[in-house]
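Novice: sharing a sequence plus its predicted fold:
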Amino acid sequence: MQNKSIYKLLILVSIVAFFTACDKDFNEIGSDVIGDDHFGLIKDDTKTILAYNTSLGQVETSNQPINSLGYYNNPFFGKTKGSVVSQVLLDTVNQTIGTNPIVTKVELSLPYFSRLISKDATTGDSTYELDSIQGFSVVNDKKVFNKFKLSVYENNYTLRDLDASLNFLDVQRYYSGETAIFDAYKNPVRLNDDADLAQNEEFMYSSAEIKTYKTVDGAQVVDTRSAPGMRLKLRNNFFQDKLFGAAASGKFFNNSIFKDYFRGLYFKADASNSSLNQGTMALLNFKQAKIIVTYTVEVTSSTGVTRKEKKFGISLGGNSVNLLENDYSSGYTSGMASNSNATTGAYNLFPKGGEGSMAIIKLFGDLDVKGWNNTTGAFVTGPNQIPDELEDLRHPSDKKKLLVNDANITFYIDKDKMSGALEPNRIYLYDLNNHRPILDYYVDYSVASISKNNKYVHGGIIEKTAATSSYDKRGIKYKIRLTNHMMNLISNDSTNVRLGLVVTESIGFTSNAKLKNSVPVANPFNKYPSAAVFNPLGTVLFGNNIPVTDPNYAKRLKLEIYYTKPD
């Protein structure tokens, strides 16, 4: 019987899954595409896998497609505040204002990431579920988001396009830890100063549909309906002066002039006095934000002078920066200090998004005391920068080449340390040497109804326990398949690169962000996956360095290779 690689089966399963299982629940146990039965294949889980942690320091957060806004207290990792600074742009340049403009209303709107769940056929009301928001309480099996303090200020610090220190030959980069700069340059007058505390001191994200009303025949009826989003009332007198004061003359000719005059807004997050140890953090696309300034102007006619209502539109476009402030817990900082040994590996791994940490993984260990002579077809004494364990797989003693059918790494969650903490939906394993995905990422075309779960054959999606309430489910493990990566290492003599492990917010986003300082490890690096910057969460996983007598020994990090040999 001719042996065939399960790789072909995976491709077939991916195609079938696209048509039959697009709405599969990836958070349940048993979500593996091909299961754990390997049909009598030879299993090898004895090869060395070494993993350790490294902190990242400040990371570039300028011009991200998604930004974190809010305050979140993670039970294990500690407290994080995410604030955002964004330039503003005119919707219409060189706009004619009119005579004697008087601002009557200013409203900022910013949609949340949400999914439509249902629509009432009688009332027309829609029910939504918010996505990418962390920090909530559960009341009657429903999410109630915690409060935080939100302040909106005018930003007076210029967000440049190009870096003057590099003779304007490269883009200007801004980093996560530069809060002090923008604090020093903000206009101290808070713009969202409405008496309603839900607008500022006790701001809370809501999944409610947004409705406006109008009067018809003396009754209030729904005029417009919108998906959930932020609606902030901003100070009329600030925009009256900024847009229609004497200093505004000539500032609307184009957006280059306008950006230099009105340098943007600063959305600053802090803990709310009513929710000091909770809070909520959301991922938002600030380029979708709009400020609509409603104002009236004088209109002269044969009957006299009247006032006419007009609109002035401003968008939050141009440059932006996401500021992150961390107050890490002692458990996290001490855990990082004791689990960063590149020689022995770690008991726990701490992939943490934002200005956080990651794990570095080396396959097959560091032992290298022999090499392979292609001319004689025999091992020779002396290192060759290829681990001996990998050489043994490439050149087995029985001279029969291995045919890799499946390879995976399972990362078990340390449930004790993660008790009560929100868990990231996905982790991402990538080629750290070249800062790109591994081959298994590229050849996986599996598609899910929720894009975050695409490429589910490659995996990395959390598997959870069964529970009565969806909010009671706890993570067990993440499994990542690297079958093609292993085939390349063994059969095609590819380079055994270091692998990086991070949390990810979007599996489809593979670009990298700069680190302010290179990570001081062997072969330092200065890039980090941008999708990990977006994700404010972290998880605690079991590593490789767990003693045999430890009760968690069975959950240690293992590389599993399933293969066959030709007859």
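Specialist: Structure's in. What do you need? Residues are numbered from 1 along each chain as shown.

Novice: so Ala531: helix, strand or coil?
Specialist: Under DSSP: H, G, I helix; E, B strand; the rest coil, the three-state class of Ala531 is helix.

Novice: residues near it, how many?
Specialist: 25 (other C-beta atoms under 10 Å). The C-beta positions use only the backbone N, C-alpha and C, and glycine is treated the same way.

Novice: do the same with Phe379
Specialist: There are 16 residues near Phe379, going by other C-beta under 10 Å.

Novice: what's the answer for Arg235, then?
Specialist: Using other C-beta under 10 Å: Arg235 sits among 19 other residues.

Novice: now do the contacts for the nearest residue to Asp131 once chain neighbours are set aside.
Specialist: Distances taken as C-beta to C-beta, 6 or more residues apart in numbering place Phe113 nearest to Asp131, at 4.3 Å, with adjacent residues excluded. Listed by C-beta atoms under 8 Å, 6 or more residues apart in numbering, the contact partners of Phe113 are 130-133, 283-285.

Novice: look up how far Leu422 lies from Ala282.
Specialist: Between Ala282 and Leu422 the distance is 13 Å, computed by C-beta to C-beta, to the nearest Å.

Novice: give me the common contacts of those two.
Specialist: In contact with both Ala282 and Leu422: Gln134, using C-beta under 8 Å, 6+ apart.

Novice: between these two, which is the more surrounded one?
Specialist: Taking other C-beta under 10 Å, Ala282 and Leu422 do not tie; Ala282 has more neighbours (26 against 18).

Novice: for Leu265, see how far away the more buried one is.
Specialist: 17 Å.

Novice: equivalent analysis for Leu367, please.
Specialist: From Leu367 to Leu265 the distance is 56 Å (C-beta to C-beta).

Novice: how about Glu107: which residues does it bridge to?
Specialist: For Glu107, the beta-bridge partners are Lys233, Ile292 (DSSP bridges).

Novice: Provide a list of residues in contact with it.
Specialist: Applying C-beta under 8 Å, 6+ apart, the residues contacting Glu107 are 231-234, 291-292, 294.

Novice: among those, which one lies nearest to Gly78?
Specialist: Checking the contacts of Glu107 against Gly78 with C-beta to C-beta, the nearest one is Leu232 at 28.3 Å.

Novice: which residues touch the residue lying closest to the closest one once chain neighbours are set aside?
Specialist: Leaving aside its chain neighbours, Leu232 sits nearest to Leu108 (4.4 Å; criterion: C-beta to C-beta, 6+ apart). Neighbouring residues of Leu108 by C-beta under 8 Å, 6+ apart: 152, 192, 230-232, 234, 289-291.

Novice: dump those to TSV, plus neighbour count and pLDDT.
Specialist: Below are these laid out as TSV (neighbours: other C-beta atoms under 10 Å; pLDDT from 0 to 100):
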residue	neighbour count	pLDDT
Val152	21	98
Asn192	21	98
Met230	20	97
Arg231	14	97
Leu232	20	98
Leu234	21	98
Ala289	23	97
Lys290	15	97
Ile291	21	98
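
Novice: close enough to count as contact, Ser357 and Ala346?
Specialist: No. Applying C-beta atoms under 8 Å as the test, Ser357 and Ala346 come out as separate, 11.1 Å apart.

Novice: anything in contact with each of the two?
Specialist: Counting by C-beta under 8 Å, 6+ apart, the shared contacts of Ser357 and Ala346 are Asn53.

Novice: correct me if wrong: Glu420 contacts Phe77.
Specialist: Small correction: residue 420 is Gly, not Glu. No. Gly420 is beyond contact range of Phe77, at 11.9 Å (criterion: C-beta under 8 Å).

Novice: out of the two, which sits in the busier spot?
Specialist: Phe77 (30 against 8).

Novice: mind checking how far Ile133 is from Ser451?
Specialist: 17 Å.

Novice: ugh, typo on my part, it should be Glu389
Specialist: 37 Å.

Novice: before we move on, what about Ser302?
Specialist: Distance from Ser302 to Ser451, by C-beta to C-beta: 59 Å.

Novice: pLDDT weak spots in the stretch 1-150 of the chain?
Specialist: 1-40 (pLDDT under 70).

Novice: which stretches in it count as strands?
Specialist: Along the stretch 1-150 of the chain, counting by DSSP state E, counting those that start in this stretch, strands occupy 42-44, 49-55, 67-74, 78-86, 89-90, 99-111, 114-119, 126-130, 133-134, 136-139, 142-145, 149-154.

Novice: can you lay out those as a markdown table showing distance to Asp196?
Specialist: A markdown table is the format used below for these (distance: least, C-beta to C-beta, whole Å):
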| stretch | distance to Asp196 |
| --- | --- |
| strand 42-44 | 62 |
| strand 49-55 | 41 |
| strand 67-74 | 19 |
| strand 78-86 | 21 |
| strand 89-90 | 28 |
| strand 99-111 | 13 |
| strand 114-119 | 23 |
| strand 126-130 | 21 |
| strand 133-134 | 21 |
| strand 136-139 | 21 |
| strand 142-145 | 17 |
| strand 149-154 | 12 |
